[in-house]
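> Starting from these lines, generate the structure:
(one chain, ligands or ions: 5)
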Amino acid sequence: MKTNFLLLSIVFFCVIMVFLTQCRSGDSNVQQLTEKWEIVIPNQKIPEGLTSIRASDCGTCHKKHYEEWKLSTHALAWVDLQFQAELKKESSPFFCINCHIPLQNQQEFIVKGMIDGDIYQPVKVQNPKFDKELQKEGITCASCHVRDGAIIGPTGTSKAPHKTVKNPAHLSEELCTSCHNANAVVTPTLACTFETGDEWKAGPYFEEKNCISCHMEPINREIVDGNGERLSHFHFFGGSGIPKFDSVTTKILNGLAFYPSTLKETYFLTDEIIYSLKLKNEFAGHNVPTGDPERFFQVQFELKNKLGEIISTQTERIGEKWEWYPVAKKIADNNMLPNEERVFAFSYVPDEKGEHTLSVTVTKNRMDKKTAEYNKLGDNYPLFITIYEEEHVFQVQ
Ligand code: HEC
Ligand code: HEC
Ligand code: HEC
Ligand code: HEC
Ligand code: HEC
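Numbering: from 1, shown residues only. Ligands and ions are numbered 1, 2, ... in the order given. Now for the predicted structure:
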């Protein structure tokens, strides 16, 4: 009897406290969320015929889709070391997570609004449907396929054991650009600039090829063992190919084609040695690099003499340059447009005889070393991959 009374008073106390906190937040000026990126996809129900919406469970039947997706950057959008480092900074507002873990089910708190419209003062309540395992999956199957208690698919097949709704308009490039095209100055020092969608729309591939035709190539195969072949699409979401962890290899797509010039076998002292490498953005439907403004390509020339000493180097950079303080501002952008060509030339007049070696290297970089050190990403965070390498050996007489 006594314990019951105690329990009752605790419950009563809690109800009063909840009431009081709600009233308090009601007093201040709580403004509603209005911007697209502030709003998350609401908590989703498990579609009829399934027991969960986790990728690992979809994967028990859709084995190939699961194995492919697991290697994709999408699957790592939450666990990524850089993302986690950014999230801990005070300058990161609450909505940073909305494109990286886009379902409300993946988020611990429901954001009801912002006090005085301040992005650093969200009004949060605990999310009763929060699923920590689903959170780790980042941009998971359900982010793209689960809405209103059904699986959204391209055909609405009746062969599936789960409720399925046909909606090709949802599974279109609009889905991709809902996250891959955000252009906003949020605060003076915080700007989001992913313009991959706009770049594609302005370019030669618009209405020819879209995000899905290039990044989810079609293939005929069984999508569930024993169900017979049908039209399917690879789920690697291959991109830059710069891995997130040393142990994870993602599928690489290359936008650039390389056209090197030739060199003679022999030169004379005081001859000018001229070499050039032409790059063309032949395969990407948007700028290269695109998306994150910290991405860049580097073209490096290095000439060595017969002793192996470096006697000349030249470095070129393709990418954007930003200034973040006092106001976020793009100060330079030489990203390559679709089909754009650019020639990088190297020249040198030798003043010693003997064998010379010219090495040419092109790398794709996630960010520079300084930024990685600033974010304390450690030595195991891969910063670049090499996509072109050649060596020319010639004699100087
Ligand atoms: C118990 C097995 C099973 C599970 C679990 C399962 N599916 Fe399916 N699913 C199927 C079968 C069978 C089909 C139909 C196969 C066919 O069309 O050849 C299908 C079809 C689909 C389609 C295509 C629908 C269309 O319109 O053509 C999509 C998309 C899909 N599933 C996504 C998912 C997702 C996402 C999950 C996890 C949330 C999931 N499935 C879980 C068995 C399963
Ligand atoms: C819910 C938001 C969201 C949607 C929808 C989405 N993406 Fe992404 N995508 C991301 C985020 C965030 C990353 C980067 C994750 C990271 O780097 O940790 C990413 C990464 C990628 C990459 C890899 C970039 C690289 O260099 O590795 C490609 C390619 C890509 N997305 C293509 C697509 C395509 C194609 C679609 C449409 C079918 C799509 N995305 C839909 C948010 C999204
Ligand atoms: C004509 C084919 C094609 C089309 C259309 C296309 N892409 Fe790409 N995309 C590529 C290639 C190739 C790369 C690899 C570029 C590189 O790193 O060399 C790439 C790279 C990317 C990356 C990696 C970013 C980076 O800087 O490395 C993302 C993200 C991406 N694409 C998203 C999209 C989205 C979203 C769309 C639709 C609006 C789209 N792509 C349309 C071919 C295409
Ligand atoms: C970033 C969005 C995105 C994610 C994440 C995603 N898919 Fe898909 N999926 C699509 C799109 C878009 C299509 C339709 C392509 C088309 O028909 O043009 C598709 C098609 C499918 C199909 C129909 C057959 C096929 O291959 O075209 C199945 C089955 C499927 N997905 C299962 C999954 C499973 C399982 C996962 C998680 C392991 C997953 N998808 C993750 C976007 C996504
Ligand atoms: C509108 C959707 C969206 C929002 C909101 C968003 N991101 Fe992203 N984020 C992306 C996409 C898309 C990519 C992949 C860009 C690419 O590779 O082209 C990405 C990639 C990243 C990466 C990986 C960069 C790399 O070099 O691979 C980090 C870190 C990141 N975001 C941090 C943040 C932070 C911090 C915030 C909040 C200030 C945030 N994101 C808000 C869509 C978003």
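> all contacts plus neighbour counts: C-alpha atoms, from now on.
OK.
> For the residue of the stretch 201-350 of the chain found nearest ligand 4, which residues count as its bridge partners?
Proximity of the stretch 201-350 of the chain to ligand 4 (CA to the nearest ligand atom) peaks at Ser232, 3.3 Å away. In this structure, Ser232 has beta-bridge partners Ile219, where bridges are defined by DSSP bridges.
> Thought Ser213 was touching it, still the case?
No. With contact taken as CA atoms under 8 Å, Ser232 and Ser213 are classed as non-touching, separated by 11.7 Å.
> Looking at the two, which is more packed in?
Per other CA atoms under 10 Å, whichever of Ser232 and Ser213 has more neighbours is Ser232, with 16 against 13.
> Relative to ligand 2, how far out is the more buried one?
Between Ser232 and ligand 2 the distance, using CA to the nearest ligand atom, to the nearest Å, works out to 13 Å.
> need the helices for the stretch 151-300 of the chain, in chain order.
Using DSSP state H, counting those that start in this stretch, the helices found in the stretch 151-300 of the chain span residues 173-180, 196-202, 211-215.
> List the neighbours of the first one that are in contact with it.
Contacting residues not belonging to helix 173-180 are listed as Cys99, Cys144, Phe194, Glu195, Thr196, Gly197, Asn210, Cys211, Ile212, Gly291 [CA atoms under 8 Å, 6 or more residues apart in numbering].
> Let's see that with 6 Å instead.
Outside helix 173-180, the residues that touch it by CA atoms under 6 Å, 6 or more residues apart in numbering are Phe194, Thr196, Gly197, Cys211.
> quick one, phi psi at the spatially closest residue to Phe95 that is not a sequence neighbour?
Spatial nearest neighbour of Phe95, excluding adjacent residues (CA to CA, 6 or more residues apart in numbering): Glu38 at 5.4 Å. Here is the backbone geometry of Glu38 (degrees, to the nearest 10): phi -80, psi -20.
> before we move on, the earlier item: and the helices of the stretch 151-300 of the chain, which is most packed in?
helix 196-202 (a mean of 19; mean count of other CA atoms under 10 Å).
> is that helix up against ligand 5 anywhere?
No. Residues of helix 196-202 contacting ligand 5 under CA under 6 Å from any ligand atom: none, with a closest distance of 7.2 Å.
> Residues in contact with that helix: which ones?
Outside of helix 196-202, the residues within contact range by CA under 6 Å, 6+ apart are Thr177, His180, Asn181, Gly285, His286, Thr290, Gly291.
> And stretch 243-263, by the same measure?
Against stretch 243-263 from outside (CA under 6 Å, 6+ apart): 71-72, 238-241, 276-284, 381.
> Quick check on those residues: which are buried?
A residue is treated as buried here by neighbour count (16 or more other CA atoms under 10 Å); on that basis the buried members of the contacts of stretch 243-263 are 71-72, 238-241, 276-277, 279-282, 284, 381.
> picking up where we left off before, and the contacts of stretch 243-263, which two are the farthest apart?
Based on CA to CA, the longest span within those runs between Leu71 and Ser276 and measures 36.2 Å.
> so what's the backbone phi/psi at the residue nearest to the spatial centre of the chain?
Central residue of the chain (CA atoms, centre = their mean): Thr73, 6.3 Å from the mean position. Here the main-chain torsion angles of Thr73 (degrees, to the nearest 10) amount to phi -60, psi -30.
> So which bits of this structure are right by ligand 5?
By CA under 6 Å from any ligand atom, the part of the chain that sits against ligand 5 consists of 37, 82-83, 86-87, 92, 95-96, 98-99, 179-180, 182, 290-292, 366.
> how about 5 Å then?
With CA under 5 Å from any ligand atom as the criterion, the chain comes near ligand 5 at residues Gln82, Phe83, Glu86, Cys96, Cys99, Cys179, His180, Ala182, Gly291, Asp292, Arg366.
> Export these to JSON lines and append columns for distance to ligand 1.
Listed next are the residues of the chain next to ligand 5 as JSON lines, based on distance: CA to the nearest ligand atom, whole Å:
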{"residue": "Gln82", "distance to ligand 1": "27"}
{"residue": "Phe83", "distance to ligand 1": "25"}
{"residue": "Glu86", "distance to ligand 1": "29"}
{"residue": "Cys96", "distance to ligand 1": "24"}
{"residue": "Cys99", "distance to ligand 1": "18"}
{"residue": "Cys179", "distance to ligand 1": "19"}
{"residue": "His180", "distance to ligand 1": "21"}
{"residue": "Ala182", "distance to ligand 1": "26"}
{"residue": "Gly291", "distance to ligand 1": "26"}
{"residue": "Asp292", "distance to ligand 1": "28"}
{"residue": "Arg366", "distance to ligand 1": "30"}
